[in-house]
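Engineer: give me a 3D structure for the following:
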Amino acid sequence: MRTYHEALAVRGLARQGPGHRVYCHTGLVDRLPSPGTPGPELREHLRGSQEALLAELARAMGSFPDGGDVLDVGSVLGGSALYWAQEHHARVTAMVTVPTHLEQVRRFVQEAGMGTRVQPRLCTGEPPRGREFHDAVIAVENTCALPRAEWLRGMHARLKPGGLLAIADCFWVRPNAVPPSGDAWRKHLGSVSEFLADAREAGLELEAHDDVSSRAVGFWTLSSELLVHEHLERAPTDARSLRAALNAVRAESRREHLWLQQGLLDGGLEYALLVLRREP
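Structural biologist: Below you'll find the model as predicted:
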């Protein structure tokens, strides 16, 4: 998990830094930019799509606790925590997985003027502190690399009675839609039905289930186009080097993007927004 988040942070900073809200998750795209769009504009489209995902998750939550206490367990570099604080006036505890990211997140929080609203904290896996409960726990792409049944019990323990658990993540519909991989998050991909069964066992009831797979496909198209720009920016200008750069980006796209796009398009994978409530 730590290695995965380190890689996400490197790419997030390269694409969105040095701003305060750096996102390291999927976005929702309704209209792709025209072919030949310059790299800086593609980066803005990518960033906008990631904020659209957070806005859609807030909409799915319905009575989002504006001004409430939120535990953000998928911040990576704190971007989503700052989003909830700035857009929804929440008081956010931002759980950071990688120790070396903690100071960076603190710096982003201070630069954004959110020091009184966002508290970065290193994720140690310890149980919640006494009398520490939240109106909402929000996990954007942070459940698939973990044993989900145990994780759900832990999230139940962190919620106030009647509190919300909001999740944005990828699930398999057909197990063979996920190619073999050493990535921790792919190993633990499960179905929505299995996840919801574990949630019920943990005392969490489903309130909303939105399949946004078709809107997530375009994000990976944007990301693939950005990969081309990024490789070409680093490549020498001679023809041989350019061909090598394009071959490298095609290989990376096949490894990281195309299987996701195909799975989301043909129904083998589902990108879902799930909102669950702890019993009152």
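
Engineer: only C-alpha atoms from now on, for both contacts and neighbour counts.
Structural biologist: Noted.

Engineer: below-threshold pLDDT in this protein: ranges please.
Structural biologist: Scanning the chain for pLDDT under 70 picks out 1-14, 16-18, 65, 125-131, 145, 180-188, 231-256.

Engineer: how about the most centrally placed residue in the chain, secondary structure?
Structural biologist: Of all residues in the chain, the one closest to the mean position by Cα atoms, centre = their mean is residue 25, 3.4 Å from it. Following DSSP: H, G, I helix; E, B strand; the rest coil, residue 25 is assigned to coil.

Engineer: now residue 136
Structural biologist: From three-state DSSP, the assignment for residue 136 is strand.

Engineer: tell me how far it lies from residue 100.
Structural biologist: To residue 100, residue 136 is 26 Å away according to Cα to Cα, to the nearest Å.

Engineer: between these two, which is the more surrounded one?
Structural biologist: residue 136 (28 against 11; other Cα atoms under 10 Å).

Engineer: tell me which residues touch that one, please.
Structural biologist: Applying Cα atoms under 8 Å, 6 or more residues apart in numbering to residue 136 gives the contacts 65, 68, 69, 70, 71, 159, 163, 164, 165, 166.

Engineer: beta partners for the fourth one?
Structural biologist: It stands for residue 70. residue 92, residue 136 (DSSP bridges).

Engineer: just to check, it is in contact with residue 89?
Structural biologist: No: at 10.2 Å, residue 70 does not count as touching residue 89 under the criterion of Cα atoms under 8 Å.

Engineer: could I get the full set of strands for the stretch 51-200 of the chain?
Structural biologist: Ranges of strands within the stretch 51-200 of the chain are 69-72, 91-96, 118-122, 134-140, 159-172, based on DSSP state E, counting those that start in this stretch.

Engineer: can I get those strands in a markdown table with distance to residue 189?
Structural biologist: Shown next, in a markdown table, are those (distance: least, Cα to Cα, whole Å):
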| stretch | distance to residue 189 |
| --- | --- |
| strand 69-72 | 21 |
| strand 91-96 | 22 |
| strand 118-122 | 25 |
| strand 134-140 | 14 |
| strand 159-172 | 6 |
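
Engineer: quick one: which of the contacts of residue 136 is nearest to residue 224?
Structural biologist: Taking Cα to Cα as the measure, residue 166 is the one of the contacts of residue 136 closest to residue 224, at 27.9 Å.

Engineer: burial count for that closest one?
Structural biologist: Counted with other Cα under 10 Å, residue 166 comes out at 23.

Engineer: show the contacting residues for it.
Structural biologist: Here residue 166 is in contact with 57, 61, 136, 137, 138, 139, 273, 274, 275, 276 (Cα under 8 Å, 6+ apart).

Engineer: rerun at 6 Å
Structural biologist: By Cα atoms under 6 Å, 6 or more residues apart in numbering, the contact list for residue 166 reads 138, 274, 275.

Engineer: same question, residue 280
Structural biologist: 161, 162.

Engineer: for it, give its distance to residue 106.
Structural biologist: Counting by Cα to Cα - residue 280 and residue 106 are separated by 34 Å.

Engineer: same thing with residue 166?
Structural biologist: 24 Å.
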